[in-house]
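> Sequence plus the predicted model coming up.
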Amino acid sequence: MDLAREGAVADSEEMDRQTAADTLPQEIRSYPTLFPGAVRRKAYIFDGEGRFYNKEWDLAEGMGKEFCWYHVELPKVNQRLSQSAQYLIEALCPPFKLQDILSLVSNGPFCGHVDGALVFRVNSLGPPSSNFTFGIAARVTKNSVVTVSLGRVPRLGFSRTGESLLTEIPTLEGPNYSRQQPEEGSRIVVREHVLEFLLTMNHSEEADNPVPKSVSNLVVHIVDTHVDHLQDIVTKLEIELDSVELELDKGGFVTKKQMLDERRFPKLHLNLQRLLQAIAHGEQVFPRVKERCSSKAWFAGEDINSLEELVSRLRRLKENVGFIANRVTAIQAGLDSWQAEQINRKLYYLSFLSIVFLPLSIITGVFGMNVGGVPWTGQRDPKLKDGFRNVMLICIGMLGFVLLCFVFPTVYSRVLSWHRRRSSWSRRSMILPCRVSPVEERNGYLRI
């Protein structure tokens, strides 16, 4: 009976909220939108006792224990920063001022008070469409939180459905797949790509998120989801590197040549630098958020400790990204050495061919000379019989001159070193040792 009574009370409260939302004045959004559907918006209201409700986008603050959360999701496409600012101005103005909105959408790390509210921002530079470009910003007051993210952040929102993940995984019953809830005793067969996706998740789904009971819980939840998002990217990179190493071990010439042509690892190294930049910005901003929130009376002490643990997670994550960068560098170095080995092998084959054809070219060049006296050609003219011999003497002289030019520096250095050693020996022979008599040694002085 008590459970039924509580459920009825909750339903009546939700109906009251819906009727109150219906009675709101419509002139709040009476003007037309310039960019319809450009951004995604979510609005929640929390009662401070573990329950939340969806609400209208009016940017109003809560009363008493209630607090509101408004989230704007910017599109993850390649566009100028001014275009994102226009989207955000349309979503948040009014009642926010221009300086409040620009502090949420600007690039780079930031933490400070803007118009009486705590604003922190972690936005990494780079093309917005890249999977390694991150952005999260928040404006925190006592009874409201406004957040802006670049693209979707997993597990950031809240959902009422508390079903298991197995409802989304097909079960195998004979040749067909069924998407119903698996019965007891049935076999669960998870496809490989679905299982790989689940293994990269460092968190549960939105339905399992604990509902915050205060603004401080909500701030910790926002920072936690951002860190989890970074952890997911790092986990995907580690799994991808493992598969690439196995592929390189099993693969042959075609696989390695394709990786070199696609410049796969230099691009991955650049993405790792962007990821390191996002982690470094968070490592710079979140300790300042903890310091500023510790001075707020409405920010709980256990949430301060949670922020400190998240900062420690970021530092460990930074070390893991450094290890991944070293692995990428080692793989790229291995591919470069393999490419150099292939080039050396081709040069070896080319040298072998040149060794084979060099004597042939010499023979054809010698016997193809247009002079008299060439052997085995039947030239009997006595006036021309010395032509071939003279040409051979000239060639031998030129060859000796060329060899002398190559050998002369070595011979000169050896002669010069021999001359220096000989002069040093002659100087040593001219210096005679001075012998001291025993009587002069006893006196302690040497007579001059």
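It's in.

> okay, CA-based contacts and neighbour counts for the rest of this
OK.

> And the nearest residue to residue 65 once chain neighbours are set aside, what's its pLDDT?
Spatial nearest neighbour of residue 65, chain neighbours left out: residue 48 (5.4 Å); criterion: Cα to Cα, 6 or more residues apart in numbering. Listed pLDDT for residue 48 reads 86.

> do residue 32 as well
pLDDT, read off for residue 32, is 53.

> related to what we said a few turns ago, return the distance of the residue nearest to residue 65 relative to residue 270.
The spacing between residue 48 and residue 270, counted by Cα to Cα, to the nearest Å, is 44 Å.

> Looking at these two, which is more packed in?
Neighbour totals were compared for residue 48 and residue 270, and residue 48 leads with 16 against 13 (other Cα atoms under 10 Å).

> residue ranges with poor pLDDT in this protein?
For the chain, applying pLDDT under 70 flags the ranges 1-37, 160-208, 426-448.

> The residue nearest to residue 65 and residue 217 touch, don't they?
No: contact criterion Cα atoms under 8 Å: residue 48 and residue 217 do not qualify, at 10.3 Å.

> if you skip the residues just before and after it, what's nearest to residue 77?
residue 129 (4.6 Å).

> who touches the one you found in this structure?
76, 77, 78 (Cα atoms under 8 Å, 6 or more residues apart in numbering).

> sec struct for the closest residue to residue 313 other than its chain neighbours, please.
In space, and not counting its chain neighbours, residue 313 is closest to residue 227: 7.8 Å by Cα to Cα, 6+ apart. With DSSP: H, G, I helix; E, B strand; the rest coil as the basis, residue 227 sits in helix.

> isn't residue 227 right up against residue 312?
No: using Cα under 8 Å, residue 227 is not in contact with residue 312, being 10.7 Å away.

> Compare these two (neighbour count), which wins?
Each of residue 227 and residue 312 has its neighbours counted (other Cα under 10 Å); residue 227 has more, 19 against 14.

> so is residue 71 in a helix, a strand, or just coil?
Quick answer, by three-state DSSP: residue 71 is strand.

> Distance check, residue 295 against residue 119.
15 Å.

> Could you check which of those two is surrounded by more residues?
Neighbours were counted for residue 295 and for residue 119 using other Cα under 10 Å; residue 119 has more, 23 against 9.

> what are the ranges of the strands in the stretch 51-200 of the chain?
Assigned by DSSP state E, counting those that start in this stretch, the stretch 51-200 of the chain shows strands spanning 52-54, 67-74, 108-114, 117-123, 135-140, 144-150, 171-173, 176-178.

> and the longest one, C-alpha only, in PDB?
Coordinates of each C-alpha in strand 67-74 appear next as PDB, following Å, rounded to 0.1, in the frame of the first residue of the first chain:
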ATOM      1  CA  PHE A  67      17.700  22.800  -9.500                       C
ATOM      2  CA  CYS A  68      17.700  22.800 -13.300                       C
ATOM      3  CA  TRP A  69      20.100  21.500 -15.900                       C
ATOM      4  CA  TYR A  70      20.200  22.800 -19.500                       C
ATOM      5  CA  HIS A  71      22.400  21.100 -22.000                       C
ATOM      6  CA  VAL A  72      23.300  22.300 -25.600                       C
ATOM      7  CA  GLU A  73      25.000  19.900 -28.000                       C
ATOM      8  CA  LEU A  74      26.800  21.600 -30.800                       C
END
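
> Okay, angle between it and strand 144-150 too, please.
Per axes from the mean of the first three to the mean of the last three Cα atoms, to 10 degrees, the angle that strand 67-74 makes with strand 144-150 is 20 degrees.

> from now on call the first residue 501
Let's use 501 as the start, then, which means that last one is strand 567-574.

> Which neighbours in the sheet does strand 567-574 have, and how are they oriented?
The pairing partners recorded for strand 567-574 under DSSP bridges are strand 540-546 (antiparallel), strand 644-650 (parallel).

> buried stuff in the first one?
The neighbour-count check on strand 540-546 (16 or more other Cα atoms under 10 Å) flags 542, 543, 544, 545, 546 as buried.

> Restricting the selection to alpha carbons, write that strand to PDB.
Provided in PDB are the C-alpha atoms of strand 540-546 (Å, rounded to 0.1, in the frame of the first residue of the first chain):
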ATOM      1  CA  ARG A 540      20.300  19.500 -29.700                       C
ATOM      2  CA  ARG A 541      18.900  20.700 -26.400                       C
ATOM      3  CA  LYS A 542      18.000  18.900 -23.200                       C
ATOM      4  CA  ALA A 543      16.400  20.300 -20.100                       C
ATOM      5  CA  TYR A 544      15.900  18.600 -16.700                       C
ATOM      6  CA  ILE A 545      14.700  19.600 -13.300                       C
ATOM      7  CA  PHE A 546      15.700  17.800 -10.200                       C
END
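
> Tell me the helices and strands packed up against the single longest helix found in the chain.
Identified as the longest helix of the chain according to DSSP state H is helix 801-867. Contacts defined by 3 or more Cα pairs under 8 Å, 6 or more residues apart in numbering; DSSP states H and E place helix 801-867 against helix 715-750, helix 764-794.

> closest to residue 846 out of these?
Ranking those by proximity to residue 846 (Cα to Cα) places helix 715-750 first, at 21.6 Å.

> I'd like to know which elements the closest one is packed against.
Counting by 3+ Cα pairs under 8 Å, 6+ apart, helix 715-750 packs on helix 753-762, helix 801-867.

> Show the secondary-structure elements that the following helix or strand past the longest one is packed against.
As assigned by DSSP states H and E, the chain's next helix or strand after helix 801-867 is helix 887-930. Using 3+ Cα pairs under 8 Å, 6+ apart as the contact definition, helix 887-930 packs against no other helix or strand.

> Stretch 910-930: how far from the chain's middle?
Here the centre of stretch 910-930 is set off from its chain's centre by 61 Å, with Cα atoms, centre = their mean, to the nearest Å.

> Just the buried positions in it, please.
For stretch 910-930, it's none, nothing buried (16+ other Cα under 10 Å).

> ok, now stretch 587-606?
587-592, 600-606.

> What of stretch 645-662?
Quick answer for stretch 645-662 (16+ other Cα under 10 Å): 645-658.

> what does it rub up against?
567-576, 604-605, 628, 634-640, 703-709, 711, 715, 721-722, 725-726, 729.

> Can you dump the C-alpha atoms of it in CSV for me?
The C-alpha trace of stretch 645-662 is given here as CSV (Å, rounded to 0.1, in the frame of the first residue of the first chain):
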residue,chain,number,x,y,z
VAL,A,645,23.7,24.4,-14.5
VAL,A,646,24.1,25.1,-18.2
THR,A,647,26.5,22.9,-20.2
VAL,A,648,27.7,23.0,-23.8
SER,A,649,29.4,20.0,-25.5
LEU,A,650,30.9,19.5,-28.9
GLY,A,651,29.0,16.4,-30.2
ARG,A,652,27.5,13.8,-28.1
VAL,A,653,29.1,12.8,-24.8
PRO,A,654,28.2,9.3,-23.7
ARG,A,655,26.2,8.8,-20.5
LEU,A,656,25.8,12.6,-20.0
GLY,A,657,22.0,12.6,-20.0
PHE,A,658,19.5,10.6,-18.0
SER,A,659,16.9,8.0,-19.0
ARG,A,660,14.0,6.5,-17.2
THR,A,661,14.3,3.0,-18.8
GLY,A,662,16.2,0.7,-16.5
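
> Brilliant, that's me finished.
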